[in-house]
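Participant: Have a look; sequence and predicted model below, questions after that.
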Amino acid sequence: MNICIVGCGYVGLVTAAAFADFGNEVVALDVDKKKIKSLSSGGCPIYEPGLKELLERNRKAKRIRFTTSISSAVHKSEIIFICVATPSKKDGSTDLSQIKAAASQIAKNIKNQKIIVNKSTVPIGTGELVEKVINKNLKIPVEFDVVSNPEFLREGQAIRDFFEPDRIVIGSNSETATAKVKELYKTLKCPVISTDLYSAELIKYASNAFLATKISFINSIANICEITDANIDDIAMGLGTDKRIGHDFLQAGLGFGGSCFPKDLQSLLSTSIELKDPLKIIKEVIEQNKIRVPRIIKRIIKRIGLAKGPKLSGKTISVLGLAFKPNTDDLREAKSIEICNAILKEGANINTYDPIAMEKAKDILKNRKVNFCKDPYSAAEKSDAAIFITEWPEFKQLDLKRLTKKMNSAIIFDGRNIYDVNEMKKLKIEYHSIGRPSYYP
């Protein structure tokens, strides 16, 4: 098929590259001229394992091209996917300005029948909004259908998630449009859930809200563990072996971040309030996530802080890991930035290292008392404590004896429970993790 992807961000690029790999003719559209120039000349503006290679393969096969011209992008396309950003407003509701702008521009440039697909994460009722915007801006009478086809891509695993999905969700009031979109995914072996627009839009929010709830729940139990010296690893195992619950998303830590969970929960809560039936459980999930960073900062201050003034004045803290999760350079809603800001506010200096996200972090933390280091061992130099924030695989292979020998004080705070407490006992390294007994040599 001939496909147009509107928006060359994270979702748009992965979607464009994957559909091209299925053998479709794909044109990817974006208003950012610099981004389109880079993509057209072989670049890849985001870090996602496998994406650069996937784009390159389909460029060579001439199945994908990039443009800033919407008229040329939509002209031959049978299906147009809207993959633009839907950020949160200050009140938590979803900013749909880019969705409206995309729909308006599509309407002004289509001349024959099209299927318009919302792949962006949008609140319930957005499909109807897109339909109204298109009808209002059509230059000539054109038949079209609006479909909701939410994405379920995890950063760091997006390529695998696209080619090996748990399910495909297609929402539409048109059986013909549903069948056409379903055909795009015919090579994938997974359930296809065909439903109405409202249900498809709500499935995405409900999915992310449920997963975030599991995270906040296990973190709340971890708080009790820290008070009582129970072990959250054993509790998570006891929970996860129950087939009704499962092991996924039961890893205690610093809470969730990134571009999806925080935004989607706020949007779902805002929608429920607007519908006069507030989801109190979602509000509590958000609140529990907010207290994760203050809690770990309080523990650091209690261990190495001063009694008066800025509690960490004159101290140096090693911050290891900046990306909100492994295998991405995304810093949106990253706990690392929140932690760095809190540490800096208390007067400390920071040595930091991340395998991928350093350049982006420099833009956010510039002109601050932050030293960006070449490796974890350099970051540990003369530090008074180290905190691990991102569970990068390479951190699991560190020589911790070598790392702690470079520190003023061999004190580790593990925000993601990367290491085994018994191993730390063998190494005689002071160790504080989440929901597990601390070890003092």
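Facilitator: That came through, no problem.
Participant: per-domain residue ranges of the protein.
Facilitator: Here the domain parsing of the chain from automatic domain parsing is 2-195, 204-289, 291-432.
Participant: right, so of those domains, which gets closest to residue 440?
Facilitator: Of all the domains of the chain, domain 291-432 sits nearest to residue 440, with 5.6 Å by CB to CB. Every C-beta, even on glycine, is put in place using the N, C-alpha and C of the backbone.
Participant: can you give me the end-to-end distance of that closest one?
Facilitator: 18 Å (CA to CA, to the nearest Å).
Participant: among the domains of the chain, which is nearest residue 438?
Facilitator: Closest to residue 438 of the domains of the chain, according to CB to CB: domain 291-432, at 4.6 Å.
Participant: before we move on, back to that, would you list the domains of the chain in TSV and tack on distance to residue 439?
Facilitator: Shown next, in TSV, are the domains of the chain (distance: least, CB to CB, whole Å):
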stretch	distance to residue 439
domain 2-195	30
domain 204-289	11
domain 291-432	5
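Participant: Turn the ones you listed into a markdown table, columns for mean neighbour count and mean pLDDT.
Facilitator: Listed next are these as a markdown table, based on neighbours: other CB atoms under 10 Å; pLDDT from 0 to 100:
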| stretch | mean neighbour count | mean pLDDT |
| --- | --- | --- |
| domain 2-195 | 18 | 96 |
| domain 204-289 | 18 | 97 |
| domain 291-432 | 19 | 96 |
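Participant: What segments of the stretch 251-400 of the chain are strands?
Facilitator: With DSSP state E, counting those that start in this stretch as the criterion, the stretch 251-400 of the chain has strands at 316-320, 349-353, 370-372, 385-388.
Participant: Reformat those strands as a markdown table; add distance to residue 209.
Facilitator: Shown next, in a markdown table, are the strands of the stretch 251-400 of the chain (distance: least, CB to CB, whole Å):
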| stretch | distance to residue 209 |
| --- | --- |
| strand 316-320 | 30 |
| strand 349-353 | 32 |
| strand 370-372 | 34 |
| strand 385-388 | 28 |
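Participant: Out of those strands, flag the one nearest residue 90.
Facilitator: Among the strands of the stretch 251-400 of the chain, the nearest to residue 90 by CB to CB is strand 370-372 (27.4 Å).
Participant: Okay, now the sheet partners of that closest one, with direction.
Facilitator: strand 349-353 (parallel) (DSSP bridges).
Participant: what's next to the partner strand, contact-wise?
Facilitator: Outside strand 349-353, the residues that touch it by CB atoms under 8 Å, 6 or more residues apart in numbering are 315-322, 336, 340, 343-344, 358, 361, 368-376, 378-381, 383.
Participant: May I have that strand as CSV, with CA atoms only?
Facilitator: Output of strand 349-353 as CSV, limited to C-alpha atoms (Å, rounded to 0.1, in the frame of the first residue of the first chain):
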residue,chain,number,x,y,z
ASN,A,349,28.6,18.8,43.2
ILE,A,350,27.8,16.0,40.7
ASN,A,351,29.9,13.7,38.7
THR,A,352,27.8,11.8,36.2
TYR,A,353,28.0,9.2,33.4
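Participant: Measure how that strand sits relative to strand 316-320, angle-wise.
Facilitator: Angle, strand 349-353 to strand 316-320, by axes from the mean of the first three to the mean of the last three CA atoms, to 10 degrees: 20 degrees.
Participant: next one: strand 349-353 to chain centre, how far?
Facilitator: A distance of 24 Å separates the centroid of the chain from that of strand 349-353, by CA atoms, centre = their mean, to the nearest Å.
Participant: swap in stretch 60-69?
Facilitator: Taking the mean of its C-alpha atoms, stretch 60-69 sits 26 Å from the chain's own mean (CA atoms, centre = their mean).
Participant: Which residue comes closest to residue 424 once chain neighbours are left out?
Facilitator: Setting aside the residues directly before and after it, residue 424 is nearest to residue 431 in space (CB to CB, 6 or more residues apart in numbering), at 3.9 Å.
Participant: Look up how far residue 100 lies from that neighbour.
Facilitator: Plainly put, residue 431 is 51 Å away from residue 100 if you go by CB to CB, to the nearest Å.
Participant: Could you do residue 155 as well?
Facilitator: For residue 155 relative to residue 100 (CB to CB), the value is 26 Å.
Participant: before we move on, what about residue 243?
Facilitator: According to CB to CB, residue 243 and residue 100 sit 44 Å apart.
Participant: Residue 303 too?
Facilitator: Separation of residue 303 from residue 100 (CB to CB) stands at 51 Å.
Participant: try residue 23
Facilitator: With CB to CB as the criterion, residue 23 and residue 100 are 32 Å apart.
Participant: Check residue 167 too.
Facilitator: Going from residue 167 to residue 100 by CB to CB gives 29 Å.
Participant: same question, residue 190
Facilitator: Distance, residue 190 to residue 100, by CB to CB: 32 Å.
Participant: With residue 386 instead?
Facilitator: With CB to CB as the criterion, residue 386 and residue 100 are 47 Å apart.
Participant: Helix, strand, or coil at residue 139?
Facilitator: coil (DSSP: H, G, I helix; E, B strand; the rest coil).
Participant: Please name the residues that touch it.
Facilitator: If you count contacts by CB under 8 Å, 6+ apart, residue 139 has them with 107-108.
Participant: And for residue 369?
Facilitator: Per CB under 8 Å, 6+ apart, neighbours of residue 369: 344, 348-350.
Participant: how about these, which pair is most distant?
Facilitator: Distances among the contacts of residue 369 were taken as CB to CB; the most separated pair is 344 and 349, at 8.3 Å.
Participant: Now do the shared contacts for these two.
Facilitator: Each of 369-370 lies in contact with both residue 344 and residue 349 under the rule CB under 8 Å, 6+ apart.
Participant: re earlier: identify the residues contacting the helix or strand hosting the residue nearest to residue 424?
Facilitator: Here residue 431, judged by DSSP states H and E, is contained in strand 430-432. Applying CB under 8 Å, 6+ apart, the contact partners of strand 430-432 are 299, 303, 409-414, 419, 421, 424, 438-441.
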